[in-house]
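Engineer: dropping a prediction and its sequence here:
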Amino acid sequence: MSPYPWCNFFYRLAYLYRVNGEEGKNMVRALCRCSTPPSGASFVIPREIPVNFRRPYDRMCSFIDTAPLRMLAVFPNLDDLFSVLADLLLEKHIIIVGSNFSVVSTVVMSLQALIAPFDWMHILIPIVPSSLLDVLAAPPPYLVGVLTSQLPLLEKVPIESAIVVRLNSEGVCERVAYINETPSHLPHSGWFSGVRIGLNLLKLQPPAQQSRRDLCNLFLTYYASLFGEVVLRGPKGYIHNKDRMSGASIAFYEMLLTTQSFANLSEYVNRTMEADNNEWVDNEFIVAAVRTNPEVFPRHYQHLISEEKQGGGYVAKHNDCFGSSELDTTALIDGFGGHRLGLTRLAAEFAMSCCARKEDQLVSSDDYYPGQHDWMTSSDVGESRHLSGPVVEAAEEMETVQPAEFDIVHSPVVKSSIKQGRESIKHDGV
């Protein structure tokens, strides 16, 4: 049906098709007839009341149908999160254990999304059926979920080595156990590192203001700065920093170079950069790596800067596929992307959110439907003007998975100001 593991998204489409009568069936049929737009572009379903959808940016595909922002609450200790991510990158055996089916499966899928642009190439099972627990004794790497009710059966499986993440009844990591393994160290993730500061700032923001776009940008640029030179330059790319690296960081790099995910990403990146049509500029991970290492790739860096000075970027390539609100931001300011996340901006947004007088209120249970992870906010409901019921909910979900990348109108601060302005207009009777 699809190369993407968007189980929850397709479940919602099926729910829309079954429950919402002929209107829901017509919408799903219309969606199936639409051609796939470019990355980040919009398309309209030709119906009596047109409904506008937007395809997520390609770099956000791994975050669709997952809850990456929830990992900030699941792992209150960022050291545990960084250690588990390092274990994933090094392709070890990882087991997530918890009592709630939905929470465990969500954590499994969200963790594998957080290592993008690296792909998890091995066994991935959100919840292992009891009849298949013996698979965990196999040597290939795996990322799986196990319910606490299955632990008596799991104890009988001869597992040689594994990392076990235990979730409490509230779905929060209470400890990470290592079975014949040692904790892995993610380089440059110390107390004063940009990735740790950025995640801490995101954690301090109210949930309604936390953005998948910010989280994606934070990790993408972090991986680009951490692995970019190694991926683009080859196995010896990190040696020039070897004298300044700790023993744990050197060990991490040496193990990373032997993984299948690194080999696949390295092959793809090198092939893309050698192409005659400069298609690498459409891959934000490669762009971020080139920005981080201009002295290593001067020719590519100069080409990137030259293209952006001429207004190159997604808008220039796809012309009118984007909404008018993006025309003045995407190409002219951020070009092809790959910029580091502005920690100052995150800090400013957090400070302004603390001064805000009002916060979005959660709606009643009538606005909840099966398969929905999070409660809808009142602002989400208020912006749906033409449709109601599951049709609106499915449309809103498709809108939420797309990032409003490089669009100041979509920033939490501006959204709050716009909302307050609308409320004042209604109050004045204008």
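Structural biologist: Alright, I've got the coordinates. Numbering: from 1, shown residues only.
Engineer: could I get the CA-only coordinates of the longest helix seen in the chain as PDB?
Structural biologist: Longest helix in the chain, counting residues (DSSP state H): helix 212-233. Taking Å, rounded to 0.1, in the frame of the first residue of the first chain, the C-alpha atoms of helix 212-233 are listed here in PDB:
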ATOM      1  CA  ARG A 212       8.000  19.100  15.100                       C
ATOM      2  CA  ARG A 213       9.700  21.500  12.700                       C
ATOM      3  CA  ASP A 214      12.100  22.700  15.400                       C
ATOM      4  CA  LEU A 215      12.800  19.200  16.600                       C
ATOM      5  CA  CYS A 216      13.500  18.000  13.100                       C
ATOM      6  CA  ASN A 217      15.700  20.900  12.300                       C
ATOM      7  CA  LEU A 218      17.600  20.500  15.600                       C
ATOM      8  CA  PHE A 219      18.400  16.800  15.000                       C
ATOM      9  CA  LEU A 220      19.100  17.200  11.300                       C
ATOM     10  CA  THR A 221      21.600  19.900  11.800                       C
ATOM     11  CA  TYR A 222      23.100  18.100  14.700                       C
ATOM     12  CA  TYR A 223      23.600  14.900  12.700                       C
ATOM     13  CA  ALA A 224      25.000  17.000   9.800                       C
ATOM     14  CA  SER A 225      27.600  18.600  12.000                       C
ATOM     15  CA  LEU A 226      28.400  15.400  13.800                       C
ATOM     16  CA  PHE A 227      28.500  13.000  10.800                       C
ATOM     17  CA  GLY A 228      28.500  15.200   7.800                       C
ATOM     18  CA  GLU A 229      32.300  15.200   7.200                       C
ATOM     19  CA  VAL A 230      32.500  11.500   7.900                       C
ATOM     20  CA  VAL A 231      29.700  10.700   5.600                       C
ATOM     21  CA  LEU A 232      30.800  13.000   2.800                       C
ATOM     22  CA  ARG A 233      34.600  12.500   3.100                       C
END
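Engineer: could you give the mean pLDDT of that helix?
Structural biologist: The average of the pLDDT scores along helix 212-233 is 74.
Engineer: who are the packing partners of it?
Structural biologist: helix 194-204, helix 247-256, helix 260-273, helix 284-292 (3 or more CB pairs under 8 Å, 6 or more residues apart in numbering; DSSP states H and E). All C-beta spots, glycine's among them, are computed from the backbone N, C-alpha and C.
Engineer: can I get those in a markdown table with mean pLDDT and distance to Asp87?
Structural biologist: Output for the helices and strands packed on helix 212-233, formatted as a markdown table (pLDDT from 0 to 100; distance: least, CB to CB, whole Å):
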| stretch | mean pLDDT | distance to Asp87 |
| --- | --- | --- |
| helix 194-204 | 85 | 17 |
| helix 247-256 | 84 | 10 |
| helix 260-273 | 87 | 13 |
| helix 284-292 | 82 | 21 |
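Engineer: give me the number of residues near Phe75?
Structural biologist: Neighbour count of Phe75, defined by other CB atoms under 10 Å: 23.
Engineer: secondary structure element for the nearest residue to it once chain neighbours are set aside?
Structural biologist: Nearest residue to Phe75 in three dimensions, chain neighbours excluded: Leu81, at 3.8 Å (CB to CB, 6 or more residues apart in numbering). For Leu81, the element it lies in under DSSP states H and E is helix 78-89.
Engineer: quickly run through the sheet partners of the helix or strand just after that helix, with directions.
Structural biologist: Sequence-wise, the next helix or strand downstream of helix 78-89 (DSSP H and E) is strand 93-98. Applying DSSP bridges, strand 93-98 is found paired with strand 142-147 (parallel), strand 162-167 (parallel).
Engineer: between the last one and helix 78-89, how many degrees?
Structural biologist: On the basis of axes from the mean of the first three to the mean of the last three CA atoms, to 10 degrees, strand 162-167 is oriented at 140 degrees to helix 78-89.
Engineer: buried residues, strand 162-167. List them.
Structural biologist: 162-165, 167 (16 or more other CB atoms under 10 Å).
Engineer: helix or strand with the lowest mean pLDDT in the protein?
Structural biologist: helix 378-382 (a mean of 31; mean pLDDT, DSSP states H and E).
Engineer: picking that back up, for the helix holding Leu81, what is the average pLDDT?
Structural biologist: Per-residue pLDDT over helix 78-89 has a mean of 95.
Engineer: C-alpha coordinates for it, CSV please?
Structural biologist: Extracted as CSV, the C-alpha positions of helix 78-89 are listed here (Å, rounded to 0.1, in the frame of the first residue of the first chain):
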residue,chain,number,x,y,z
LEU,A,78,18.3,13.5,28.2
ASP,A,79,21.4,11.3,29.0
ASP,A,80,19.1,8.3,28.6
LEU,A,81,17.7,9.6,25.3
PHE,A,82,21.1,10.3,23.9
SER,A,83,22.4,6.9,25.0
VAL,A,84,19.5,5.1,23.4
LEU,A,85,19.9,7.1,20.1
ALA,A,86,23.6,6.2,20.1
ASP,A,87,22.7,2.5,20.5
LEU,A,88,20.3,2.8,17.6
LEU,A,89,22.9,4.3,15.4
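Engineer: any idea of the angle it forms with helix 260-273?
Structural biologist: Going by the same axes, to 10 degrees, helix 78-89 makes 70 degrees with helix 260-273.
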